[in-house]
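**Q** what would the 3D arrangement of this be:
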Amino acid sequence: MNKLIIILATLLAGLTACGSSGSNDDPAPTVSLTVSPTTVSAGFEASEATVAVSCSSEWTAYSADTWVTVAIDRTASQVTLKIAANPNEEARSTTVTIKSGLTLAEVAVSQEAKPAEEVDETITVPEGYELVWHDEFDTDGSPSTDWTYETGAGGWGNNELQNYVKIKAPDGTAMAEVKDGILNIKCDKINGTVYSIRMNTSKSWTYGYFEARLKLPTGKGTWPAFWMMPKNFTTWPGDGEIDIMEEVGYNPNYVSSSIHCNAYNHTKGTQKTKETKVATAQTDFHIYALEWTKDQITTYIDGKKLFSFDNDGTGNYDTWPFYTPFYLKLNLAWGGDWGGAQGVDESCLPAIYQVDYVRVFQKK
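**A** Here you go, the predicted model:
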C-alpha cells in the first residue's frame, strides 16, 4: 500500500510540472540592443550627431533635456541628435536613452561652454559688469545682421513725416551705412519723399548698462533718439519705454532722458523726464548711457548723471513694468508732434545721425 501511494504521488507531481510549461512565468525573450557611439562630445555651437542602433525588437529614443532633440530613423537604424547652441559660459551634459521593452541603452552627451566675450582693452567696462554684446561698426557697408529694421510711414504715433526703410531708399541710396568705423543714419528727401532709418537690436536684455557714443544731426525737423522698448510689446505705454537720449533740432544741443508707463507718460502730463544742454552734442561725439537695475533707472552723459527713476516697490505694473527683456533702438525721425513742433527746414537735408558704437554690459 505504501509503495502504491508513493508511485501515485510521483505521477501527480509530474503532471503538475507538465501543466506549468506554458505559464506566464516563463522568462521574457532576451532583447539584443546596442548603440554606437555611447558618448557624444559637441562644441558650443549648434551641431548634429548620428548614433547607430542595433536592436532585435521595436525600439524608441528620447532625450532628458530640451537642448538635445531626437530624430528617429528606424529604416536606417539610427538616431540623429540635434544639439542646440550653448548660450551659457558653462559646459553642460545630458543623456539620450534608447529603449526596447525593459532593455535600455544610453548615450552620454556633453557640450562645451560658450567662450567668454573677448573684451577689447580699449573698452571701458563699468565696475561689477561684463561686456555681453556690442557693435563697434568696424566693417564698412551695411550694418551687421545683429540689427533689424522697422519700415513704413504713417506717422508712428507722433505724426512724423518720414518713411522708414530697410538700409536703402527705393532709388538705392544708403540710409544706414557704416564707413570708417562710424554708422551713418541718414534722413533725406528723395523723389518727393523723406526717408530715414529706425533700427533695433535683434537681441534683448533685462537689466544692464547700455551705452552709445553719438553725434547728433543738425536742422529744424530732426529728431534723433537712442532708446529701448519691450521685446514682448503689446500696448503703449503700459509695457514701458525707456528713452536714453532724445533731441529735437529746433532746440539744438538740449538732450533729454525719459521713461513712459501707464502712470507716467506725456499724454497725461505725468511724464518723468530731465533735460540738459550739451554744448557740442551736434558737433562732437558724446557717450549716452543707461544703468537699469531692478530698483532704479539712471541715465548718464559722458559719465555724469542726468536722470533717475526709482522702482516704488509696490509691484504695480502701471508704475514699474521694467522687469522684462527690452531691446535697443536707434532712429532719426523727421517732424512729428515734437520734432516738428516749430516746423521743419528741408534745406538741412540730408541730415546725418552718427553712431561710433553701441555696447551692452550686464552684472557678473
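
**Q** residue ranges with poor pLDDT in the stretch 101-250 of the chain?
**A** 117-119 (pLDDT under 70).

**Q** so what's the residue count around Thr218?
**A** Neighbour count of Thr218, defined by other C-beta atoms under 10 Å: 16. Every C-beta, even on glycine, is put in place using the N, C-alpha and C of the backbone.

**Q** and it, what helix or strand is that in?
**A** Assigned by DSSP states H and E, Thr218 belongs to no helix or strand.

**Q** and what of Trp227?
**A** Going by DSSP H and E, Trp227 is in strand 222-230.

**Q** give me the angle between the helix or strand following that strand and strand 222-230.
**A** Beyond strand 222-230 on the C-terminal side, the first helix or strand identified by DSSP H and E is strand 241-246. Relative orientation of strand 241-246 versus strand 222-230 (axes from the mean of the first three to the mean of the last three C-alpha atoms, to 10 degrees): 150 degrees.

**Q** where along the stretch 151-300 of the chain do the strands fall?
**A** 163-164, 176-179, 182-190, 193-196, 198-201, 208-215, 222-230, 241-246, 254-260, 272-277, 286-292, 296-301 (DSSP state E, counting those that start in this stretch).

**Q** name every strand pairing with the next helix or strand after the last one and say which way it goes.
**A** With elements assigned by DSSP H and E, the helix or strand that comes after strand 296-301 is strand 304-310. Sheet partners assigned to strand 304-310 using DSSP bridges are listed as strand 296-301 (antiparallel).

**Q** buried residues in the partner strand?
**A** Residues Ile297, Thr298, Thr299, Tyr300, Ile301 are the ones in strand 296-301 that count as buried (16 or more other C-beta atoms under 10 Å).

**Q** in CSV, list the residues you listed along with pLDDT and distance to Val35.
**A** CSV is the format used below for those (pLDDT from 0 to 100; distance: C-beta to C-beta, whole Å):
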residue, pLDDT, distance to Val35
Ile297, 98, 53
Thr298, 98, 56
Thr299, 98, 57
Tyr300, 98, 57
Ile301, 98, 61
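
**Q** Throw the strands of the stretch 151-300 of the chain into CSV and include distance to Asp138, thanks.
**A** Below are these laid out as CSV (distance: least, C-beta to C-beta, whole Å):
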stretch, distance to Asp138
strand 163-164, 25
strand 176-179, 8
strand 182-190, 10
strand 193-196, 24
strand 198-201, 17
strand 208-215, 14
strand 222-230, 19
strand 241-246, 23
strand 254-260, 26
strand 272-277, 31
strand 286-292, 18
strand 296-301, 25
